[in-house]
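Colleague: Kindly generate the corresponding structure for this input.
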Amino acid sequence: MRTGEPLPAVGQVLAALATGLWHWDTSSGRVTVDAEAARLLGLPAEPTSLSEAQVRARLHPVDWNEITGVVQLAVAEGTLAEVRIRIMDERGRVIRVVRSRSKPSFDQEKRAYELIGTLQEVTEPAPGTPAGRSAVTGDWRRSREAFLLDAGRALAEARSTEEVLRVAAGLSMPGFSPDGLAVFGVQGDRLTIIGHHGQQPGDEGPFAQMSVDTDYPAAEVVRTGRAVYLSSPQQYKDRYPLTWPLAQHFDRRSWAFLPLTVAGRTMGAWMAGFTYPVAFTPDERSVLTTVARMLAQALSRAGAAESERELTDGLQRSMLPTLIPRIPGMSVAARYIPTGGGLQVGGDWYDMIPLPSGRFALVIGDVQGHDVRAAGLMGQLRTALRAYASEGHRPDAVLSRASRFLHGISAVEDDVTDLRFATCLYIEADPVNGTLELARAGHPDPAIRMADGTVMRAPTAGGLPLGIDPDADYPTTQIRLEPGETLLTCTDGLIETGGHDLDTGWLRIRTVLEEHRGDLEELADALVQAVHGPTSYYTTGPLADRREDDIALLLLCREGEGCGGTVTVRPPVRRTMMTVAQAEPERIAVVRHQLRELLHDWASPDQVDSAVLLLSETLTNVLVHTDTDALFTAEVRGEAGERRLRVEVTDASDDLPHMRRPGELASSGRGLLLIEMLADAWGVDPRGEGKSTWFELAERHAPEGF
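Modeller: Here you go, the predicted structure:
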């Protein structure tokens with residue numbers, strides 16, 4: 001080339017050097033290559049654009065995994081990323097080896113990498129030679145650090161012994177990768193096989209329960225705490241002639257046995273076997289030693305975590321009861337899920353208690369805290385509740401005594417400020433007629449799923465949580481389960497898990513109750529899955545940073561068509577009832593809400609508003625003009641679109657209401673006029689003691705356009 005002549009184009013120079021260009025953008029997932037790069041990848045020699053999956057299919061899986069670590073390290077250090085890649089054909093055979101050099105960058109906004117680089121074919125050295133054991137990237141230090149970074153992260157994230165072994169089996173060391181691994185433990189004076197990879201099932205038999213005094217490399221490592229490196233079969237045979245026949249049939253050429261040491265104690269040994277000769281240079285020994293240390297730490301953590309889980313799960317299981325297998329006319333299902341963080345034991349519990357009367361009691365509660373003390377108090381409180389219930393006390397008396405008991409035992413002598421309390425719901429059930437008597441101590445209200453799938457919360461009277469006031473009173477509420485209806489009661493963990501509050505969490509639970517189809521056990525699993533399954537993490541609530549809580553839930557179903565989750569083909573009667581005391585006029589708002597929930601699928605919203613208005617007038621009339629309590633009952637009968645609503649308000653007063661014509665300035669007297677105008681039918685029926693005021697509405701469709 002003469003001076004002054006223009007330089008050839010870059011593409012011409014690269015083509016002359018048999019070097020291809022490629023561009024990879026992880027945000028789009030596309031890899032663009034020129035003709036030479038396509039040829040090197042085993043594709044037709046023409047420019048093309050490929051997906052990451054298409055490129056990955058052409059590369060050796062070990063090399064693909066290494067690319068990720070090398071790129072991350074190069075970005076962190078601001079250097080070039082160099083890696084040697086084996087190109088595979090459709091049959092999985094290596095057709096060539098190429099070297100890639102690229103300059104990666106990381107986009108913070110897109111959270112993606114972008115690489116522009118070159119590909120050039122290189123000659124692959126024979127395995128086991130010094131050249132074959134050189135760094136895959138051409139830079140041993142960078143390749144080693146990238147590998148150790150990935151290995152350390154993967155082992156640190158493993159939470160069980162099985163996961164640790166799976167990670168260890170998938171490690172691809174730079175320049176030399178073992179084809180067989182085994183992890184030995186020590187039990188007394190014997191070696192045990194914790195896990196192995198690269199051997200057939202049953203191959204571990206001769207090595208299991210081997211004495212630590214045996215002339216075997218792993219036994220020597222356990223005895224001395226020093227690594228053993230065997231670069232050839234002859235070395236193995238000369239050094240360990242007695243156990244060489246056991247290893248001979250695996251047809252390996254090199255072995256490394258390293259101690260698994262934690263806090264100065266050798267807890268086992270790690271074997272890495274190679275199908276080709278390995279010289280075990282200082283760099284290779286350094287990598288193996290570092291991996292062995294990380295593996296020992298990971299196995300120690302996993303073993304401690306598994307022992308803790310086994311202990312706490314056993315403790316919790318011992319404190320939870322076995323449900324009565326069969327109750328005539330009723331079915332019961334229960335679940336307990338410990339919190340996922342910290343010590344997996346807490347204060348949530350449930351219980352089922354046979355009563356002297358032939359009935360049975362269901363109890364669910366939550367002692368404050370997620371520690372061993374909470375679990376201990378829970379066990380004592382559960383025992384006390386069982387004792388009080390077995391004596392035949394009524395629900396209110398059981399909770400009053402339990403509150404006094406917890407207040408007495410929860411105070412710590414040297415720290416009176418550490419008083420614990422507990423929420424609790426006690427239900428006495430009569431399996432013959434479905435009557436339930438409930439007493440509640442600061443616990444969430446239960447919910448009822450009717451036979452046609454309608455779900456309503458059941459507001460109940462309640463008192464303070466147990467343990468706060470030793471003289472607290474707990475009023476009782478009576479409800480009745482109709483055939484096919486299911487009652488759900490749970491601790492707040494089921495509602496609030498995933499950052500939800502009581503309102504948003506209830507909506508999530510209600511959706512599961514309404515939509516589930518299956519038996520009672522399947523419904524219990526569905527409720528747990530709704531808050532702990534994968535989809536729950538995409539629908540977090542407004543309090544996403546809230547700590548997760550234990551979960552306890554009980555399902556009680558009065559057997560009949562619709563029990564559990566199977567909706568009846570022909571809808572039965574839909575019913576709700578509630579008492580409004582003279583001293584609790586604020587419960588009128590709760591009753592209004594109950595009626596709206598009962599009519600959630602009513603065809604005409606105007607009729608729902610009318611029903612709520614008439615109910616308010618009827619209840620207010622009782623509270624204002626009598627000195628008795630009011631009992632509200634609502635029933636819906638018939639097929640959808642042709643149903644009929646009947647609302648009754650019963651009181652103990654014998655004074656009958658009278659129709660009046662109030663003046664413009666009158667403050668009362670319009671209730672019966674409204675009922676006359678809006679109801680399809682109404683009346684006042686005297687009872688033996690008191691009266692019942694009722695009205696009915698026939699379902700009508702809303703006018704078009706509304």
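Colleague: tell me which element the closest residue to Ala384 other than its chain neighbours falls in.
Modeller: Taking Cβ to Cβ, 6 or more residues apart in numbering as the measure, Ala384 lies nearest to Phe405, with 4.7 Å between them; neighbours along the chain are not counted. C-beta coordinates here come from the backbone N, C-alpha and C atoms, glycine included. Secondary-structure assignment from DSSP states H and E places Phe405 in helix 395-410.
Colleague: Run the chain-centre distance for that helix.
Modeller: Taking Cα atoms, centre = their mean, to the nearest Å, the mean C-alpha location of helix 395-410 is offset from the chain mean by 34 Å.
Colleague: pretty sure the residue nearest to Ala384 contacts Thr383?
Modeller: No. Between Phe405 and Thr383 there is no contact under Cβ atoms under 8 Å: 9.7 Å.
Colleague: Just want to know which of these two has more residues nearby.
Modeller: Regarding Phe405 and Thr383, a neighbour count based on other Cβ atoms under 10 Å identifies Phe405 as having more, with 20 against 13.
Colleague: and stretch 356-367, which residues are buried?
Modeller: Neighbour counts over stretch 356-367 (16 or more other Cβ atoms under 10 Å) mark 359-367 as buried.
Colleague: And the pLDDT at Glu689?
Modeller: Here, the pLDDT recorded for Glu689 equals 80.
Colleague: Now do the contacts for it.
Modeller: With contact taken as Cβ atoms under 8 Å, 6 or more residues apart in numbering, Glu689 is in contact with 652, 654.
Colleague: and it, helix, strand or coil?
Modeller: Look at Glu689: counting by DSSP: H, G, I helix; E, B strand; the rest coil, its state is coil.
Colleague: Tell me the spacing between it and Glu648.
Modeller: With the distance defined as Cβ to Cβ, to the nearest Å, Glu689 ends up 15 Å from Glu648.
Colleague: Could you do Glu559 as well?
Modeller: Taken as Cβ to Cβ, the span from Glu559 to Glu648 is 27 Å.
Colleague: is it true that Lys691 touches Val649?
Modeller: No. In this structure, Lys691 sits apart from Val649 without contact. The criterion is Cβ under 8 Å, and the distance is 9.3 Å.
Colleague: Have a look at those two and say which one is more surrounded.
Modeller: Summary of the neighbour comparison: Lys691 and Val649, criterion other Cβ under 10 Å, with Val649 having more neighbours (24 against 20).
Colleague: Could you pull up phi and psi at that one?
Modeller: Note on Val649: backbone dihedrals following degrees, to the nearest 10 are phi -120, psi 110.
Colleague: what sits against Glu597?
Modeller: By Cβ under 8 Å, 6+ apart, the residues touching Glu597 are 454-457, 576.
Colleague: Then Ala298?
Modeller: Residues near Ala298 by Cβ under 8 Å, 6+ apart: 155-156, 158, 164, 167.
Colleague: now the helices for the stretch 301-450 of the chain?
Modeller: With DSSP state H, counting those that start in this stretch as the definition, the stretch 301-450 of the chain shows helices at residue ranges 372-390, 395-410.
Colleague: hmm, I was thinking of the stretch 551-700 of the chain
Modeller: Counting by DSSP H, counting those that start in this stretch, residue ranges of the helices within the stretch 551-700 of the chain are 587-598, 605-625, 671-678.
Colleague: Pipe the ones you listed into JSON lines and attach distance to Asp25 and mean pLDDT per row.
Modeller: Formatted as JSON lines, the entries for these read as follows, by distance: least, Cβ to Cβ, whole Å; pLDDT from 0 to 100:
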{"stretch": "helix 587-598", "distance to Asp25": "53", "mean pLDDT": "88"}
{"stretch": "helix 605-625", "distance to Asp25": "53", "mean pLDDT": "90"}
{"stretch": "helix 671-678", "distance to Asp25": "67", "mean pLDDT": "82"}
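Colleague: could you dump the ones you listed to TSV with distance to Gln235?
Modeller: TSV is the format used below for the helices of the stretch 551-700 of the chain (distance: least, Cβ to Cβ, whole Å):
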stretch	distance to Gln235
helix 587-598	80
helix 605-625	88
helix 671-678	99
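Colleague: if we can go back for a sec, so of the helices of the stretch 301-450 of the chain, which one's packed in deepest?
Modeller: Across the helices of the stretch 301-450 of the chain, the average number of neighbours (mean count of other Cβ atoms under 10 Å) peaks for helix 395-410, which reaches a mean of 21.
Colleague: Which strands and helices lie in contact with that one?
Modeller: Contact partners of helix 395-410 among helices and strands, from 3 or more Cβ pairs under 8 Å, 6 or more residues apart in numbering; DSSP states H and E: helix 372-390, strand 422-429, strand 435-441.
Colleague: The helix holding Phe405 to helix 372-390, inter-axis angle?
Modeller: Between the axes of helix 395-410 and helix 372-390, defined by axes from the mean of the first three to the mean of the last three Cα atoms, to 10 degrees, the angle is 150 degrees.
Colleague: which residues are contacting helix 395-410?
Modeller: Outside of helix 395-410, the residues that reach it under the criterion Cβ under 8 Å, 6+ apart are 361, 377, 380-381, 384-385, 388-389, 393, 418-422, 424, 426-428, 437-439, 441, 463-464, 466-476.
Colleague: Now the buried members of these.
Modeller: When burial is judged by neighbour count using 16+ other Cβ under 10 Å, the buried members of the contacts of helix 395-410 are 361, 377, 381, 384-385, 388-389, 393, 420-422, 424, 426-428, 437-439, 441, 463-464, 466-468, 472, 474-476.
Colleague: Could you pull up the residues touching the nearest residue to Tyr336 once chain neighbours are set aside?
Modeller: Excluding its sequence neighbours, the residue lying closest to Tyr336 (Cβ to Cβ, 6+ apart) is Ala552, at 5.0 Å. When contacts are counted by Cβ under 8 Å, 6+ apart, Ala552 touches 334-337, 348-350, 364-366, 490-491, 493-494.
Colleague: What distance do you get for Ala552 to Leu425?
Modeller: 11 Å.
Colleague: repeat for Leu507
Modeller: Distance from Leu507 to Leu425, counting by Cβ to Cβ: 21 Å.
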